[in-house]
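> Sequence plus the predicted model coming up.
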Amino acid sequence: MHDEPHEIAAENLTYTYPGMSRPALYGVSHRFRQGEFHAVLGRNGSGKSTLALCLNGLITPGEGRVLSCGLDTSVPTNASEIRKQVAIVFQTPDTRMVGSTVEEEVAFGPENLGLSPLVIRKRVDEALELAGIEDIARRQPQQLSLGQKQLVAVAGAIAMEPSFLISDESTSMLDVRSRAGVLKLFADLQERGVGIVHVTHFLEEAAIADQVVILESGRIAGTGPPGELLSDPTRVRNLGLDPLPATMVAEELAALGHHTGGYILTAEELLLWSRA
Amino acid sequence: MVSRLSLKDVSYSYPFQDAMALSGINLETRPGEVFCIAGSNGSGKSTLAQICAGLLTPTSGSVLYDGKPARSGSRLLNLHRNVGLLFQSPEDQLFADTVRKDIEFGPRNQGLRGDDLAARVIDAARLVGLPLQDTGGRSPFSLSEGEKRRVALAGVLAMNPEILVLDEPFIGLDHDGREHLISALSSYVENKLATIVLVTHDLSGAWPLASRFALLSESRLVGIESKADLVLGNTDMLALGVRLPQWGVLAKELLHAGIPVEDPSDPSCLAKALVRRREVRDDR
Amino acid sequence: MTGNDIAIGQYLAVETPLNRMDPRLKLVMVVACVVMVFLYGTGWELLSFSVLLLVVLAATRLPLLPVLRSLETVWVIVLITFLLQAFLTPGEVMWHWGFLSVTDTGLSNGITLSARVLLLVLLLTALTMSTAPLDLADGLQSLLRPLAYLKVPVSRVTTVVSITLMFIPGILEQSRKLVKAQMARGADFESANIFRRVKDIVPVLVPIFVKVFHDADDLALAMDARVYDGGKNRTRLHPLKIGVLETILTVLFISTAITIKFVL
């Protein structure tokens, strides 16, 4: 959507919630790039949601800084420009909806940008189409299923035409079918050049990312491509996460004296090995 | 043994809504079993949980407790006092100003006082792994999400219910929290010969506990399956919106690719099957 | 108690003339009515206005009565207001039981005061039921805009109002959930009378507000993330437009309400 790719750079980011003694994030540095899919993985209380809120300046770091598309999130006058560029969707859509119909809900962001009704109309229609929910445009959000509500929330973010979309555990309450729908939409957006930052505790969702960031007690416990970070079941277990079963099978294969060569995360990769 | 809780032709529709939330549900639970009701968001499973606990009255059909319909009056109150319901969100359940008072609420309504009451609270807190001496006097709302869930469960367990209905108890819990809950629930069932009705869209937590899985789709019951049926059978779990444990998904994919799987839950069995397949290819 | 019925203040997306009306006109109308309800001095004035209002509301076919009927708390407040006035106002004694006596002024004060409370609830319910919270907030922002020149923080006021409006239904919804949670743990609500039930609500008020404030916080954050600043520079997908007919009807309605005061 833009000529030169943007990035969100967290630089030595430290954040402590008011009234807490221990920082929720400590010395976190990472570059999220436009057009890439980055997954932020960690157990409850690891600081992953806090990181999500820092990326578009909804909370501002105590130490270090976050540059979102070149703008320092600590500078109050940057807030609206940053939020235009970096949209966010949350875990529970129910309590965060404002519109009385789906299309008004999706229109809410562009309306706040002061765009003309015609431009808003165009953006809303495009976002609804991309999310595949044109048919429910006139329905009331309260009457929708949780999965549909989350698609509406993502459409509302898309209508802002952002460079980045932050997903703060947006799939964790959803059933698998709805989750697949939301993840497919993220992939479509990535194809259109949007950078996705997906916070999750599902390993299988992190496995489809370009880059994985693992957080543990507020610190980065590892960054890299999923194969590198997630293929060792013992390491994953030590982080308090469930290893991918294919990695456990690959481990058994190694114990049987069969080394698989590359990283194995999925059934497909196991089958590929068996056919090689 | 007689089923303590069963549903007969239960249908339900919410006021001011045309669509049925549930239609024609028949269920029978057995003492000492964990019975899982699996379905997607919006399949009617939370409604079903509330019907089992007597909080919603079926539009037609009936909930039978000890073989007798519990619709109103003392029979309904009896159902409320013997069937414990854990709500999906602890915020919808907790209300007292201290953790201890919240856990005491249920047993108090059952008429317990003094030492009996204190013992119940201590037992329940121990079972869920809640350190009562630290947290007993605190407000439940000041606790972390995981601790809130423990208080909510303790409040239900303190009533010593014969039947426990749990609505999405594992959602939002990480690996450690889930393991802990699984062991607390399984020891409760074993010690009390209780029945648990577990409602969920993600089977990874229910898997080690449950033996029968009722599949709910668009307000109807479409089947009751065993674990083997779920993994080895042809039911399209993705279309149902129900998440199998990840190794179940893996086993299904391997089976689909023609690899014979004897014990789908054992990684080494899967590894050996893959090695055999590779060797067959090498021989050719 | 266990039903999922309509809550007070909840917006109802039904096709009525009142729903289609511009939110600014509705706001002006409600404010005018509230002022008049306090200005009316006699029971006859209040009665005439009530008849007028009920006729107009009936004509709009907004399903108000089922909502009002289910509002136990409102009826309890009205009843208490009435009894306090009737028993405690000095005047000529009409009846008495033991030390309690009802006076003529007490009775008439009781009636007018209860009527005022009922009318206010009716007016506000009609407004919030027929107007989406965001439309109401945008309408308010548009009406109050001139005040911004007097350094009144209009945007902040409209943000607070819009978030509050979105959470009125939440409060009732949440209290229903907690009553249910208590029933699930053996609390006996079925055989309790209305006063017991109201009394049982009191201890759950704190957790209800904890939850509602928490949700309101979430909503404020989500709105902030979508660049909402109280509607200062907002445009709308469907811009607000005041129609000729609805303006005429509003003026007519308000003039009738004023006429009642000076004619009777």
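Now that the structure is in, tell me what you want to look at.

> if you skip the residues just before and after it, what's nearest to A:Ala107?
Using CB to CB, 6 or more residues apart in numbering or on different chains and skipping residues adjacent in sequence, the residue nearest A:Ala107 is C:Leu237, 4.0 Å away. Just so you know, the C-beta spots here come from the backbone N, C-alpha and C atoms, and that holds for glycine as well.

> ok, which residues in the stretch 1-150 of chain A are in contact with chain B?
Residues of the stretch 1-150 of chain A lying close to chain B by CB under 8 Å from any CB of the partner chain are A:Arg43, A:Asn44, A:Gly45, A:Ser145, A:Leu146, A:Gly147.

> Who does B:Tyr65 form a beta bridge with?
On DSSP bridges, the residues paired with B:Tyr65 through beta bridges are B:Leu5, B:Lys68.

> what sits against it?
B:Arg4, B:Leu5, B:Arg75, B:Asn78, B:Leu79, B:Asn82, B:Val83 (CB atoms under 8 Å, 6 or more residues apart in numbering or on different chains).

> Can you list which of those residues are found in helices?
Within the contacts of B:Tyr65, residues falling in helices by DSSP state H are B:Arg75, B:Asn78, B:Leu79, B:Asn82.

> Provide a list of residues in contact with the residue nearest to A:Ala107.
C:Leu237 makes contact with A:Glu103, A:Glu104, A:Ala107, A:Pro110, A:Glu111, A:Pro117, A:Ile120, A:Arg121, A:Val124, according to CB under 8 Å, 6+ apart.

> Which residue ranges of chain B form strands?
For chain B, the strands defined by DSSP state E occupy B:5-12, B:22-28, B:34-39, B:60-65, B:68-69, B:83-86, B:163-167, B:195-200, B:212-217, B:220-225.

> buried residues in the first one?
I take that to be strand B:5-12. Neighbour-count burial for strand B:5-12, counted by 16 or more other CB atoms under 10 Å in any protein chain shown, picks out B:Leu5, B:Ser6, B:Leu7, B:Val10, B:Ser11, B:Tyr12.

> Just give me the residue right at the centre of chain B.
Centroid-nearest residue in chain B: B:Leu198, 1.5 Å away (criterion: CA atoms, centre = their mean).

> Okay, that residue and chain A: tell me how far apart.
Distance of B:Leu198 to chain A, given as CB to the nearest CB, to the nearest Å: 15 Å.

> I'd like to know which elements the helix or strand where C:Leu124 lies is packed against.
Using DSSP states H and E, C:Leu124 sits in helix C:104-130. Applying 3 or more CB pairs under 8 Å, 6 or more residues apart in numbering or on different chains; DSSP states H and E, one finds that helix C:104-130 contacts helix C:17-20, helix C:23-39, helix C:43-60, helix C:65-69, helix C:72-88.

> Would you mind splitting chain B into its domains for me?
By the assignment in automatic domain parsing, chain B contains the domains B:5-235, B:245-284.

> related to what we said a few turns ago, what's the closest of the residues of the stretch 1-150 of chain A next to chain B to A:Gly62?
A:Gly45 (18.2 Å; CB to CB).

> Around A:Ala157, count how many other residues there are.
When neighbours are defined as other CB atoms under 10 Å in any protein chain shown, A:Ala157 has 26 of them.

> Can you name the next helix or strand after the helix or strand harbouring it?
Assigned by DSSP H and E, A:Ala157 belongs to helix A:146-158. Of the helices and strands lying after helix A:146-158 in sequence (DSSP H and E), the nearest is strand A:164-168.

> Buried residues of the next helix-or-strand element following that following strand, list them for me.
For strand A:164-168, the following helix or strand on the C-terminal side (DSSP H and E) is helix A:176-191. Residues A:Val176, A:Arg177, A:Ser178, A:Arg179, A:Gly181, A:Val182, A:Leu183, A:Leu185, A:Phe186, A:Leu189, A:Gln190 are the ones in helix A:176-191 that count as buried (16+ other CB under 10 Å).

> Then stretch C:58-78?
Buried positions in stretch C:58-78, judged by neighbour count with 16+ other CB under 10 Å: C:Thr60, C:Leu62, C:Leu64, C:Val67, C:Ser70, C:Leu71, C:Val74, C:Trp75, C:Ile77, C:Val78.

> Would you check how far apart the residue lying closest to C:Val121 once chain neighbours are set aside and C:Val117 are?
Closest residue to C:Val121 apart from its sequence neighbours, by CB to CB, 6+ apart: C:Val74 at 5.5 Å. To C:Val117, C:Val74 is 8 Å away according to CB to CB, to the nearest Å.

> Please identify which two of the buried residues of strand B:5-12 are farthest apart in space.
Across the buried residues of strand B:5-12, the longest distance by CB to CB is 17.6 Å; it joins B:Leu5 and B:Ser11.

> what about the nearest residue to C:Met21 once chain neighbours are set aside, how many neighbours?
Of all residues not flanking C:Met21 in the chain, C:Glu246 sits nearest, at 5.3 Å (CB to CB, 6+ apart). By the measure other CB under 10 Å, the count of residues near C:Glu246 is 18.

> Please work out the residue of the stretch 51-200 of chain C nearest to chain A and name it.
Using CB to the nearest CB, C:Ala132 is the residue of the stretch 51-200 of chain C that sits closest to chain A, at 3.6 Å.

> Next up, the contacts around that residue.
Applying CB under 8 Å, 6+ apart to C:Ala132 gives the contacts A:Gly99, A:Ser100, A:Glu104, C:Tyr11, C:Ala13.

> Mind telling me what element the closest residue to B:Ala257 other than its chain neighbours is part of?
The shortest distance from B:Ala257 to any non-neighbouring residue, by CB to CB, 6+ apart, is to A:Leu271 (5.2 Å). Counting by DSSP H and E, the element that carries A:Leu271 is helix A:267-275.
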